[in-house]
Structure formats: C-alpha cells, structure tokens
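A.B. asks: fold the stuff below for me.
(2 chains)
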Amino acid sequence: MQSQGYRRIGFFIALLWLFFCMFPLWWVLVTAFKPPLAVSQNATYIPFVDFQPTLQAFREALSGVRGDFAGPIMSSVIVSVLSTGLAVFLGSMAAYALVRFEFRIRLLAGLAFAVMAIGGFAYLSQGWGIRVPYALSLVLLISLPIAVWLNGRALPGPVLGNNDVTFWFVSQRMFPPIVSAFALFLLYAEMNKVGFRMLDSLPGLVLAYTAFGLPFAVWLMRDFFENVPVEVEEAARVDDIGRLRIFFQIVLPMSKPGLVATSMIILAFIWNEFLFALLLTSSKWQTLPILMAGQNSSRGDEWWAISVAALISIIPMIFVAIFLGRMMRSGFLAGSIK
Amino acid sequence: MPSAASNDRIKHLFLWPAFLVVLLVTLFPLIYALVVSFQAVRLVPPTPARFVGFDNYAEIIQSARFWGSVQVTAVIVFTSVAFQFVLGFALALALHHNVPGATLYRVTFLLPMFLAPVCVALIARMLFHPVLGPVNDLFTALGFEHVPFLTNSTLAISTLIIVEVWQWTPFVILLMLAGLQGLPSEVFEAARVDNISAWRRFRDLTFPMLLPLSIAVIFIRLIEGFKLIDTVFVLTGGGPGTSTETLTLFAYNEGFKKFNIGMTSALSFLFLIVVIVFGTLYLAAAQRLTKRYR
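C.D. replies: Numbers count the residues shown, from 1 in each chain, chains lettered A, B, ... in the order given. Predicted structure coming up:
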C-alpha cells in the first residue's frame, strides 16, 4: 500500500526530528550536573555511567559566590510580568474597540501629523536649541490635537478604517527592532541628561516592553473578541449597563482562555528578548538573557555554570510550551490564522 | 461588527491608551533618529551635531562591511527559512496523519521556539566545541577530527543556519498543523474514494489550499529572520573577522563600539527601507502566485 510508505517516511522524519530537537536539551540538562572533570576531558553523555552527577554548580549559582544570579532573575520576572500585564490589558481594550466600534481616520490627517511632528521637531531642536525630550513632548502636544481636529474636517483623500488601524499596530512588529531600539536608546539617554532616569530603570524597560508586546496583544485578542457573541452585550446594553462595565464584567471573563494564551505568548517573547535589554540596561536592571550572553565571555569553558543559567531561563518556558501544546490540540490556533 | 449605533465617545477611551504607548515608544523616537541620521554626531569623542545631509547614507552604501552584512543576513535567512518550511511542513503533515507518538511530539516539538535565542546559542556553543563537544565526537567517528565549526567562516554560517532551523522549524510546524486541521475533510475523503494517490492529493489539494498560509508563514519567518542578532552575538560575535556579522549586529557595533550615532541611525533607516521594499515585492509576487493557482 502506497500511503503506508508515506506513513513510514513520516514516522522516520518525526523520530529523527525528535532526536535532533531533544538532544541539545538533554545535553544542557546533564551538563548542569557535571563536575568540572566531566567537561574538560571529553564529551560525556550519561549520568552515573560517564560521570558522577553533582549539585555543585547549582549551589554556586544560588549562593551567589560566582556573580549575581538572583538580581537578573528578579528583574527579568518583575519586568516581564509587569509589561505582559500592561500589554495584554491595554491591547485587549484596543482590540475590543477595534471589534465593536467603527473608526475612521483620514489619511491626510495622518500625513499632516507626520509632517508636523518631524518638521516641528527638527525646527525646535535645531533652530531653537530646545532639549530633545522637551522638544518631542511639545511637538506631540501640539500636533496630535491638530491632527485630531483635522480628522473631524471634511478632508479629501482616502479614509482608513478599523482594519488599517489593526494593520498599523501589527506593522510595528515588522520593523527591524534595531531601528526603534536604537532610537529609544538615544531618547532615553537624552531623558537621563535632563533628569528623568529611563536608561537602566524599571519604568523605562516596562514602557519599552509594553509597546513591544502590544501589537501581539491587539492582533491575538481581536480574534477572541470576534468570537464573543454580541447578543449578550446587547442584552446588557438594553439594561443600560455602561460600556466599561460590559467590557470588564462580561467580555473579559468570557474570553479568559484567550487572555491566558495571549499572556503566555507575550510573556515568552519578553522573557527571551535580548536587543532592547542589551541597549536599555547597563547594570541594575539587567535581565536574564543579558546575564547569559555575558556568561559566554566571562566563564568560557565553565559549562556547568553556563548550563545552570540556561536551565533557569528554560524551565518557565517548558510550562508555557506544555500549556500551549494542549491548547493547540483543542484547536485554539485554528481560529487565529486566516 | 461595528454598527451605526455604536459610535459613542467611549470608544476613544478603549483605543487611545494603546495607541499612545505605541506612538510614544516606537514612533516618536524614530522622528528623533531620522533627524539624527542626517547629522554627524559622535558620543566618544563628543562632537557637536552638524548637519551633513545624505553623507551618512552615502558612506554606508559605499562601505564593504555593510554589503558583507547584507549578504550574510540574506544567506542565513533565505537558507534557514527554506529548510524550516520544508521540514516544518513535512513534520506537520506527519503529525496531522497521527504518526505513532503524535501527542508526545506536539509538546516537545514546540519547545525550541520558546527558548531564548541567547540560551540556544550558548547550548550550541557547547555542542559545536571543536574539541570537547558532542558534535566533534560524531565527526571524529566519521573521520574528521576537530572541525573548526565556529572559527571558519563558511562553517560558522552553516552552524548559524542549523541553529536557526532548530529553533524556528517549530513555528512552521505549529502554524501549518493548525492550517491542516482547518481543511475541509470531505474533499479528502472524496479524493480517497476516487483512488487518487497520496502524492497527487498533496500536490493538487493540500498544497494549493495551504498556499496562502504558507506564504504568510514564510513571510513572518523572513521578516523575523532579518532581525537576527542574539544568536550571532553569542555564538560567533560576528567573527571570524566580520564574516558572520548580520545587519542588526553591524548596526549595534557601529553604535556601541564606535559611538557613531548618526551612522547607526542612517543604517537603521536603510535597513527599514530594505525591509519595506522587500516586503512589498514579496507580497506582490505572492499575490500573482496565488492567482495562478486559482
């Protein structure tokens, strides 16, 4: 039978991939328990047979004798939980608005905003010598209301709708992050100079990561809200319940699975993020990925220590993967691809 | 669905916070960077900003290192995405047809994409160690001892491609599997009854039906691939020399080793333009391809 042959090939590929996929993880797991000799002489694979496992590396890492581990772990946890919470919260509000309300944005008003912002900033900072953060906030305060006012006028030109707004959010993720990360670094550095501590600070990092997670939150939550039946909300509106209460007490509880899944995906992205953390932190708020990148140069062949650090960053993600793997089986992702 | 009655003011309260955060953090700094990209600014030694027009851009376009990094990025991204797509699609098909042990695979196959690229690169550094790593053991058994995986430029790029394939094939599996599960099963039943071979079922039904999704998946992977920095940063540091330096790493080095801010800003805008042009071309080509299949 021919399709039996395909099944066998499929099974074979799957087995090969399983090995290819799991071997590095096995390696990092056993290396964390290796004594130095088991690393420096030859490659060793199986505990108790090839080498005698030891907890030495874990003890060293947790007691902090070999550099501060607890600090970066704490800052990673605080930063990723706070920013994920904010991103999912703000993102689902925006996603709800994009599903239930109608937005009309005139292209011309948007262009006018861009021109006013860029021109105004160049003029203020170059011509008048105003410090960068002040110039930027002035420009924002002036050009945004003007753009909103212009949007209410009967301007010619195309009108953008909800899908375009969603695309605008999602397109933020298409930009190479070095563009906005570097620009943000420059801006934060300027803000440090005038007294707002943003570089290497909690607010600075959380703000950056919230914006980093928002496009995902808007995109994913929009699909979940589209599947929430409108009838329930309409019934509530007949009873004269406000939109905000409807959102917080009816819509959000109904889309709990979606909220959890979205949070996990965003949490994973932020937990693993490297570039922003590399540019925006220097010592106090360094996150785990930065610590790990540093391990490489600071302890070269101390593989047991490197493996412990890697394991600490991997373990929370294993739970995320198991959880999302379960959701995948129940077909949750089938809805979000179209 | 938006109805005429739902145009109350409160909608602004829902949308504006998110809009403002994105505007403040991702777009407003861009304005600043755009202005800086037309200036000569250095942090070390500090020089006052001077307007230089398109000089920064011209200098980058003439620099061999820039084109080198473009080439490295393109080679790594296109090769690894090709492998990711073929492998990922094959594995998704295998999982969809419930090969033995499919439930176990579903969790384990997902894992790599949730690990920090930095972490993956650290593990790869151990695995590909020319003397102490297990890959060396394998190659020694095959008769090649102490292969310099990370210090020979061709091998280093191949290693980076393998690492990328390891980490991101799961993403393709995840989405293609979701796509396969969404296909109408009646069509396939009918084809099976008509005794159409498995290969033709794939060629004439599955593949065309999943073409739009495939295009989207490849697009996402390409765009994400262009951003590559963390893996390279840890695994090779761009070396040997600058032979594995990707665009993002080049921009980072310009900005943080030479503190040449004007150049880095100009570079990141060039990068942005390249991505936008590439994305537009890709989507246009994809549209023609899907039309031909209809």
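A.B. asks: buried residues in stretch B:26-44?
C.D. replies: Of the residues in stretch B:26-44, B:26-41 count as buried by neighbour count, 16 or more other Cβ atoms under 10 Å in any protein chain shown. C-betas here are computed from N, CA, C, even on glycine.
A.B. asks: among those residues, which two are most distant?
C.D. replies: Longest distance between any two of these is 25.6 Å, between B:26 and B:40; criterion Cβ to Cβ.
A.B. asks: can you show me the helices along chain B?
C.D. replies: Using DSSP state H, the helices of chain B run over B:10-22, B:28-36, B:55-62, B:64-96, B:102-110, B:117-127, B:134-142, B:153-181, B:185-193, B:198-201, B:207-226, B:230-235, B:247-256, B:261-293.
A.B. asks: which other helices and strands contact the fourth one?
C.D. replies: Translated: helix B:64-96. With contacts taken as 3 or more Cβ pairs under 8 Å, 6 or more residues apart in numbering or on different chains; DSSP states H and E, helix B:64-96 sits against helix A:2-31, helix B:102-110, helix B:153-181, helix B:207-226, helix B:247-256.
A.B. asks: deepest of those helices, which one?
C.D. replies: Using mean count of other Cβ atoms under 10 Å in any protein chain shown, the stretch among the helices and strands packed on helix B:64-96 with the largest mean neighbour count is helix B:247-256, at a mean of 24.
A.B. asks: shaky segments in the chain?
C.D. replies: No chain was given, so I picked chain A. Within chain A, the stretches with pLDDT under 70 are A:1-3, A:64-67, A:296-301, A:328-338.
A.B. asks: nope, chain B please
C.D. replies: In chain B, residues with pLDDT under 70: B:1-7, B:43-47, B:294.
A.B. asks: swap in 50 and give it another go.
C.D. replies: Residues of chain B meeting the criterion pLDDT under 50: B:1-6.
A.B. asks: got the contact list for the residue most central in space within it?
C.D. replies: By Cα atoms, centre = their mean, chain B has its centre lying nearest to residue B:225, at 1.6 Å. When contacts are counted by Cβ atoms under 8 Å, 6 or more residues apart in numbering or on different chains, residue B:225 is found next to B:73, B:76-77, B:80-81, B:164, B:168.
A.B. asks: would you confirm that residue B:119 contacts residue A:311?
C.D. replies: No - taking Cβ atoms under 8 Å as the definition, residue B:119 is not a contact partner of residue A:311, at 9.0 Å.
A.B. asks: which residues do the two both contact?
C.D. replies: Joint contacts of residue B:119 and residue A:311 (Cβ under 8 Å, 6+ apart) do not exist.
A.B. asks: okay, these two: which has more neighbours?
C.D. replies: residue B:119 (27 against 20; other Cβ atoms under 10 Å in any protein chain shown).
A.B. asks: for the more buried one, give me its contacts.
C.D. replies: Counted by Cβ under 8 Å, 6+ apart, residue B:119 has contacts A:272, A:289, A:292, A:310, A:313-314.
A.B. asks: now those residues in JSON lines, with distance to chain B?
C.D. replies: Shown next, in JSON lines, are these (distance: Cβ to the nearest Cβ, whole Å):
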{"residue": "A:272", "distance to chain B": "4"}
{"residue": "A:289", "distance to chain B": "4"}
{"residue": "A:292", "distance to chain B": "5"}
{"residue": "A:310", "distance to chain B": "5"}
{"residue": "A:313", "distance to chain B": "5"}
{"residue": "A:314", "distance to chain B": "6"}
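A.B. asks: show me which residues of stretch B:257-265 are buried.
C.D. replies: Going by neighbour count (16+ other Cβ under 10 Å), the buried part of stretch B:257-265 is B:260-265.
A.B. asks: mind putting the residues you listed into CSV with distance to residue B:91?
C.D. replies: Shown next, in CSV, are the buried residues of stretch B:257-265 (distance: Cβ to Cβ, whole Å):
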residue, distance to residue B:91
B:260, 44
B:261, 45
B:262, 46
B:263, 43
B:264, 39
B:265, 41
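A.B. asks: among those residues, which are in reach of chain A?
C.D. replies: Among these, the ones lying near chain A by Cβ under 8 Å from any Cβ of the partner chain are B:261, B:264-265.
A.B. asks: rewinding a little: out of the contacts of residue B:119, which end up buried?
C.D. replies: For the contacts of residue B:119, a burial check counting by 16+ other Cβ under 10 Å picks out A:272, A:289, A:292, A:310, A:313-314.
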